[in-house]
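In: take a look and give me a structure for this.
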Amino acid sequence: MRTVVTYLKKAWHWLTSMRTALVLLFILAIVAIPGALLPQRSLNQDNVNEYIANNGRLAEIYDSLQLFDVFESTWFIAILTLLTISLVGCILPRSKDHYVAWKTPPTRAPRNLGRLPLHAEGTTDRPVAEVTEHARQLLKRWKVAEYSAAEDRAGKFSLSAERGYGREMANLLFHLGLVGMIVTVALGRMVYYEGHVIVVTESGNYETPPIEQNTEFCNTSTANYDSFRAGPLFDGTGLTTFCFDAHDFAADYLPNGQAEMFTSNISYALGEDINLPKEEWTDYELKVNHPLRIAGDRVYLQGHGFAPTFTVTWPDGESRTQTVQWRPDDPTFFLSSGVMRFDPPAGLYPDLFDRRQNQLAIQGLFAPTAQWEGENNELLTSQFPAMNDPAVAIDIYRGDAGLDTGRAQSLFSLDTALLHSGQLQKIERVNLLQGDSVTLDDGTTVTFDGASEFANYQISRDPFQSWVLVTTVVMLAALVGSLLIRRRRIWIRFTPLADGSTRLELGGLARTDRAGWGPEFDRIHRELLGLPDPDEVDDDELVPADALRVST
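Out: Residues are numbered from 1 along each chain as shown. Sure thing, here's the model as predicted:
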């Protein structure tokens, strides 16, 4: 049992040493590199799936090592926990030592001050009492202790002063801030939530107005989000109750197509104000990096894209119109891809099986400003991200589109299993400009009406975010303080002479970096001896050599 306790003590001393803390901090920085180089599931699941599909066995090994979930991995959390324990173990004994040192008077002057790195001596006409009072005034911001001749090592009255205790305090505050930042970040990840919602705005490009879209989002249920994630301690019932209505979306572009600014005008209401007419809601101009902050939640304008509108008219005259967001594959000129699925009218195919076999699916590309390339100018690309000349290149399929199978399907691509099995048959490939139509073999008409712009809004809440900011500021401020503050000591020994004058001997010692301490020491002993600043003395006013002796 004694052996176990001994080993535990050794392990604790090893873990709580400053060297171990620095090693753990270095290891933490090294293991965080894969999180920056490899796609992370917490940021984009699709990118991770694509990486695994393209890299085979190597990606599987990465996945088994949790390299796609670095910051949530067990080994990263274990290193972070050990670092926190190590820092706390370093802080507690150092805090005790610093308190003891702060309460302890400055040590007595050494017997031979001439051996110190900074040394000066000289004589002044003033008596000991007057010089001592002057020294106290010069050292009023220092921690000063007086030692009588009986207490002094050289048998003379002396003053001991020390300054720079704030350096160690700043060092401790730096470590406390680092621990606080780690703890508050960890607590925030336990209770945070973050969701994304895509809203198709009313801004668009149409020859005839489309069917009115629902542009309102209410933060009343996690089911209202297109994607949602939260910490393990968030049960989904603590959402802040508010709603916002997205009126429009506008993008400013440079001539080369680079985005300059995104703007979305919204109106919002909080709590019971949701029941008020929308005209009474509060207006807000949402911009990139200018989120709406409401009751601790933040609403960001995260991204945008386009939502084409198609109308399908069946031979019996009934029609269906859909506006669905498509995925921007080209982040510069917004060439987008997507899918739409249409169920035929119930009266056209009374039999449920026949109706299922005559569903329509549209899959293709959308260009906000069309540019045609290729041998026959049939290859669609986009030459500018703004919606100046919209066009689509689509494939039209008929068959079982999987609308009523109960299985989830991709919003942006068709199920390849339905294509390979023949359940979906391609019946047409066509390029359409805005307002163009194509008539299928059974008389059904597909019309490209135009497109709307959609905006991606991110709603997030982290109740510990302000504490993370506070601890980070404390850590950085303390780091600056620990670098700028200098720990130094000075001793002044007074020897009364028979003629009433006083001989002074001074010694200085830098406890840390000596830089900047020499001029301060020089200023103190010159003021005590009443000597002028050397920069202000003419050549014929130089102090006699026997009046002052300084060694450094």
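In: domain parsing for the protein?
Out: What automatic domain parsing lists as the domains of the chain is 2-92, 105-164+486-535, 193-461.
In: roughly how far apart are I459 and V199?
Out: Using C-beta to C-beta, to the nearest Å, I459 is found at 12 Å from V199. For every residue, glycine as well, the C-beta is placed using N, CA and C.
In: tell me which element V392 falls in.
Out: Using DSSP states H and E, V392 falls within strand 391-399.
In: from the chain's centre, how far out does that strand sit?
Out: Here the centre of strand 391-399 is set off from its chain's centre by 42 Å, with C-alpha atoms, centre = their mean, to the nearest Å.
In: can you give me the buried ones in that strand?
Out: Under the neighbour-count criterion of 16 or more other C-beta atoms under 10 Å, strand 391-399 has A391, V392, A393, I394, D395, I396, Y397, R398, G399 buried.
In: what do you get for stretch 348-360?
Out: Quick answer for stretch 348-360 (16+ other C-beta under 10 Å): Y349, R355, R356, N358, Q359, L360.
In: ok, those vs L301, which is closest?
Out: Among the buried residues of stretch 348-360, L360 lies closest to L301 (C-beta to C-beta), at 34.1 Å.
In: quickly list what the closest one is bridged to.
Out: With DSSP bridges applied, L360 shows beta-bridge pairing to F342, R398.
In: contact partners for it?
Out: Neighbour list for L360: V312, R341, F342, P344, I396, Y397, R398, A401, T444, V446 [criterion: C-beta atoms under 8 Å, 6 or more residues apart in numbering].
In: just the buried members of those?
Out: Among these, the ones that count as buried by 16+ other C-beta under 10 Å are V312, R341, F342, P344, I396, Y397, R398, A401, T444, V446.
In: what average pLDDT does the helix or strand hosting the first one get?
Out: V312 is located in strand 297-313, with elements delineated by DSSP H and E. The predicted model assigns strand 297-313 a mean pLDDT of 91.
In: buried sites along it?
Out: For strand 297-313, the neighbour count (16+ other C-beta under 10 Å) marks 297, 299-313 as buried.
In: centre of the chain to the helix or strand containing E162, how far?
Out: Assigned by DSSP H and E, E162 belongs to strand 158-163. Distance of strand 158-163 from its chain centroid, counting by C-alpha atoms, centre = their mean, is 46 Å.
In: what residues does it touch?
Out: Contact with strand 158-163 is made by 105-109, 132, 135-136, 139, 141-147, 152, 487-494, 511, as judged by C-beta under 8 Å, 6+ apart.
In: what strands line up against it, and which way round?
Out: Strand 158-163 has these strand partners (DSSP bridges): strand 143-147 (antiparallel), strand 488-496 (antiparallel).
In: nearest to R167, of the ones you listed?
Out: With C-beta to C-beta as the measure, strand 488-496 is the member of these nearest R167 (9.9 Å).
In: now for W12, how many residues are close by?
Out: 12 (other C-beta atoms under 10 Å).
In: to clarify, my last question referred to G364.
Out: 22.
In: tell me the SS of it?
Out: strand (DSSP: H, G, I helix; E, B strand; the rest coil).
In: how close does it sit to L37?
Out: Using C-beta to C-beta, we find G364 at a distance of 34 Å from L37.
In: and if you look at N275?
Out: Counting by C-beta to C-beta - N275 and L37 are separated by 50 Å.
In: go on, F333?
Out: Distance, F333 to L37, using C-beta to C-beta: 28 Å.
In: which of those two has more neighbours?
Out: More crowded of F333 and L37, by other C-beta under 10 Å: F333, with 20 against 8.
In: contacts only, for the more buried one.
Out: Shown in contact with F333 (C-beta under 8 Å, 6+ apart): G257, A367, P368, T369, T381, S382, Q383, F384, P385.
In: give me phi/psi at the closest residue to the third one other than its chain neighbours?
Out: Spelled out, it's P368. Excluding the flanking residues, the one nearest P368 by C-beta to C-beta, 6 or more residues apart in numbering is M387, at 4.2 Å. Taking degrees, to the nearest 10, you get phi -90, psi 80 for the backbone angles of M387.
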